[in-house]
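Peer 1: Just a sequence and a predicted model for now, questions to come.
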Amino acid sequence: MSSATLAGLVGAALVGLGLYGVIADPQPLRKILAFNLIGSGVFLVFGIVARKGAAAGLSADPVPQAMVITGIVVAFAASALAVALTLRLFEETGRATLRPDAGTKPPDDGADAE
Amino acid sequence: MTEGASAFAATAGGSLLALPILVPAAGVLLSFLLGGRQAERIALALMPVQFGFAVAIASLIWRSGQPLVYVLGGYAPPLGIALRADGFSAVMLVTTSLIMPAAGLYARTNFATPNDGTERRAPLVFWTLLQAIQAALSLIFLGGDLFNLYVALELLTFAAAPLVCLDGRPETLAAALRYLMFALFGALFYLLGVALLYGAYGTLDIVLLSRQIRAEPAVWLAAGLMTAGLLAKTALFPLHLWLPPAHANAPAAASAVLSGLVVKGSFFLIVRLWFNVLPALPNAVPGAILAALGSAAILAGSALALRQERLKLLIAYSTVAQIGYLFLMFPLASGPWSAEAFSGGVMQALSHAFAKAAMFLSAGLIAESLGHDRIAGLGGAGRAMPVTFLALGLGGLSLMGLPPSGGFAAKWLLMKASIEAGQWVWAVVMLAGGLLAGGYLYRVLAPALSGNRPRLKSPPRRSRENVALALALAAVLLAFAPPTFFAFLQIGRPAAGAALR
């Protein structure tokens, strides 16, 4: 197995793990971490396709690198925004969870306080 | 290909394309820098300018009959990035530049800076983000590079999500957070698809890609990932869960922009993807899947709207349903009836934008005047505030698809195309959706127009009622769009899958 294949598989695995976390975990902070995991997987795939793909003649195609850097900045901004919202939600309600009905009911029952 | 060799050379007046992106972006920076009341002044002052740009771009396209192209910095793709505007981009730009000032004028009461000029967070954030949404939408409508469009998509999310929770109530925070999660998830799927396309073809320019793309596994995977990601952002059933709480809890002016325009941004990219990037893929099966999801959205969204107890939630669920209609164009927009279906889909996007913005603004006035927006408590309210309910009803006309309204024109075109294509099932769904829409609007309008006048906390201001009414009238006026308007929509539209086979 070449290192590129291995990195590609690791990228795919990261996306899969992150996807599971985003869907399965109701805690926003874990969702944010899982979201960053997906991001890392996507960036890894980006790096690999740059070496294996259409521009393989170049020793290192700089365009995907530029895209990954931009992507990291965007992911950082997204994480910061999500963390800020989560913190504010915690300040207002004393807990931070995204149950399916948390948006429509006032969170006063405390049935599933984390 | 319709563009020919000119796809990579800037057309005359092409530099105009940079302005609708740069000017609101500069407005965002200036608003932050100057702060206080200046944010509102800058936002409102730039909106007519933005309308001027949109009209100028549309008239240039109309006169030349060709898409406008601008090559940033003079570097041609694949090295550089191109901005392109076709008929569809231009009408979306004009629509955006009309609904934004309406939302802005309406919001002046809610997001005014106090007279002593002390800076408050909600107004500053609102006026700044409104401009950011405008900049991001312009970039989405004009961008010619898939990665650039990813950045635009994220900008749109970052500007839209905080608008949901401007008043800081816990349920709005939860709604904004859930919206953000869906949007981030969607953006990463889109980005993964972009990575695969770059790996396969070494370019992300839309025209260059469309010339090289073949039906192969990497392309199908990329198309699936990108479409799924964009569907999450567009809130197509079953990825709609975030939309009703987010749109119903936002301040009315923000709801109007979110429901009318922001979801159309990601829808626009789905159209770009399938019509401009992937015309070489056979699109019968993906088109049928999208339309099946759209049909499910129409039926489920309308049924859920029927069961809501709050007016704003009802309107938000009706957005879920109306988004469904947009996707009925996909299986129909290939073959000899393609122009009709494409026009129908675009018309639905435009008329829903105007109608839904009018309805959310009316609902905001109703909630402010009555102190609540429970449908059970609306009895007689139509007598107390007739203009508001007129706007609500005219917007509803478009949702039901009754003539004369833009919604009727859209649904008529889509229905005609589906019958000509022999795909009767979509026509049946459209009729059922229209009936259900009639049902949920009757639930609101019938009690409001009968019974005793309720006591209003404060009567709505006439100027704000007029804003909502103007938007509703725009949705009605779309019904009288002349044939030249539909010819304009076809400028730069590439033929889709089946037509090329």
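Peer 2: Here it is on my side, so go on.

Peer 1: Which residue, neighbours along the chain excluded, lies closest to the closest residue to chain A within the stretch 251-400 of chain B?
Peer 2: Nearest residue of the stretch 251-400 of chain B to chain A: residue B:313, at 8.2 Å (C-beta to the nearest C-beta). All C-beta atoms are positioned from the backbone trio N, CA, C, and that covers glycine. Computed as C-beta to C-beta, 6 or more residues apart in numbering or on different chains, the closest residue to residue B:313 that is not its neighbour in sequence is residue B:248, at 4.4 Å.

Peer 1: which residues does the one you found contact?
Peer 2: B:255, B:310, B:312, B:313, B:315, B:316 (C-beta atoms under 8 Å, 6 or more residues apart in numbering or on different chains).

Peer 1: In terms of helices and strands, where is it?
Peer 2: helix B:243-249 (DSSP states H and E).

Peer 1: before we move on, what about residue A:98?
Peer 2: Judged by DSSP H and E, residue A:98 forms part of no helix or strand.

Peer 1: which stretches of chain B have low pLDDT?
Peer 2: B:1-8, B:117, B:334-337, B:495-501 (pLDDT under 70).

Peer 1: quick one, strands of it?
Peer 2: B:68-71, B:82-85 (DSSP state E).

Peer 1: which of these is buried the deepest?
Peer 2: Neighbour counts (mean count of other C-beta atoms under 10 Å in any protein chain shown) averaged over each of the strands of chain B peak at strand B:82-85, with a mean of 27.

Peer 1: Can you tell me what sits against it?
Peer 2: B:7-8, B:14, B:17-18, B:21, B:57, B:61, B:67-72, B:76, B:93, B:141-145, B:205-207, B:492.

Peer 1: Then stretch B:380-391?
Peer 2: Outside stretch B:380-391, the residues touching it (C-beta under 8 Å, 6+ apart) are B:358-359, B:361-362, B:365-366, B:369-370, B:445, B:447-454, B:456, B:459-460, B:462, B:465-466, B:468-469, B:471-472.

Peer 1: now do stretch B:176-186
Peer 2: So stretch B:176-186 is in contact with A:22, A:28, A:31, A:35, A:38, A:78, A:81-82, A:85-86, A:89, A:98, A:103, B:157, B:160-162, B:164-165, B:228-233, B:235, B:239, B:241-243, B:245-246, B:266, going by C-beta under 8 Å, 6+ apart.

Peer 1: So which residues on the stretch 201-350 of chain B come close to chain A?
Peer 2: B:201, B:202, B:203, B:241, B:245, B:246, B:249 (C-beta under 8 Å from any C-beta of the partner chain).

Peer 1: Spit out the contact partners of the closest residue to residue B:13 other than its chain neighbours.
Peer 2: Of all residues beyond its chain neighbours, the one nearest residue B:13 is residue B:60 (4.7 Å), with distances taken as C-beta to C-beta, 6+ apart. Residue B:60 makes contacts with B:12, B:13, B:16, B:68, as judged by C-beta under 8 Å, 6+ apart.

Peer 1: Can you select the buried ones from those residues in ChimeraX?
Peer 2: The ChimeraX command for the buried members of those (criterion: 16 or more other C-beta atoms under 10 Å in any protein chain shown) is given here:
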select /B:13,16,68
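
Peer 1: Could you identify the longest helix within chain A?
Peer 2: Assignment by DSSP state H gives helix A:62-93 as the longest helix of chain A.

Peer 1: gap between it and the chain center?
Peer 2: 9 Å (C-alpha atoms, centre = their mean, to the nearest Å).

Peer 1: Then stretch B:252-268?
Peer 2: 5 Å.

Peer 1: Excluding chain neighbours, what is closest to the residue positioned nearest the centre of chain A?
Peer 2: Centroid-nearest residue in chain A, with C-alpha atoms, centre = their mean: residue A:35, separated by 1.8 Å. The shortest distance from residue A:35 to any non-neighbouring residue, by C-beta to C-beta, 6+ apart, is to residue B:184 (5.3 Å).

Peer 1: what do you get for residue B:87?
Peer 2: residue B:491 (3.9 Å).

Peer 1: residues near the one you found, how many?
Peer 2: Neighbourhood size, residue B:491 [other C-beta atoms under 10 Å in any protein chain shown]: 21.

Peer 1: What separation do you get for it and residue B:13?
Peer 2: 15 Å (C-beta to C-beta, to the nearest Å).

Peer 1: And for residue B:342?
Peer 2: From residue B:342 to residue B:13 the distance is 25 Å (C-beta to C-beta).

Peer 1: Tell me which stretches of the stretch 301-450 of chain B form helices.
Peer 2: B:311-326, B:329-332, B:338-370, B:381-384, B:386-400, B:406-420, B:424-448 (DSSP state H, counting those that start in this stretch).

Peer 1: elements contacting the first one?
Peer 2: The one in question is helix B:311-326. Here helix B:311-326 touches helix B:243-249, helix B:252-257, helix B:263-271, helix B:284-306, helix B:338-370, helix B:406-420, helix B:424-448, going by 3 or more C-beta pairs under 8 Å, 6 or more residues apart in numbering or on different chains; DSSP states H and E.

Peer 1: among these, which is nearest residue B:223?
Peer 2: helix B:284-306 (7.2 Å; C-beta to C-beta).

Peer 1: can you state the direction angle for the closest one and helix B:406-420?
Peer 2: With axes from the mean of the first three to the mean of the last three C-alpha atoms, to 10 degrees defining the directions, helix B:284-306 sits at 140 degrees from helix B:406-420.

Peer 1: Tell me who's in contact with the closest residue to residue B:347 other than its chain neighbours.
Peer 2: Closest residue to residue B:347 apart from its sequence neighbours, by C-beta to C-beta, 6+ apart: residue B:410 at 3.8 Å. Neighbouring residues of residue B:410 by C-beta under 8 Å, 6+ apart: B:325, B:344, B:345, B:347, B:348, B:350, B:351, B:401.

Peer 1: And for residue B:342?
Peer 2: Neighbours of residue B:342 in contact, by C-beta under 8 Å, 6+ apart: B:275, B:329, B:333, B:489, B:490, B:493.

Peer 1: For burial, what's the neighbour tally of the residue nearest to residue B:441 when sequence neighbours are not counted?
Peer 2: Leaving aside its chain neighbours, residue B:441 sits nearest to residue B:396 (4.1 Å; criterion: C-beta to C-beta, 6+ apart). Burial of residue B:396 is recorded as 28 neighbouring residues (other C-beta under 10 Å).

Peer 1: same question, residue B:366
Peer 2: Residue B:366, neighbours per other C-beta under 10 Å, totals 27.

Peer 1: pretty sure it contacts residue B:377?
Peer 2: No: judged on C-beta atoms under 8 Å, residue B:366 makes no contact with residue B:377 at a distance of 10.1 Å.
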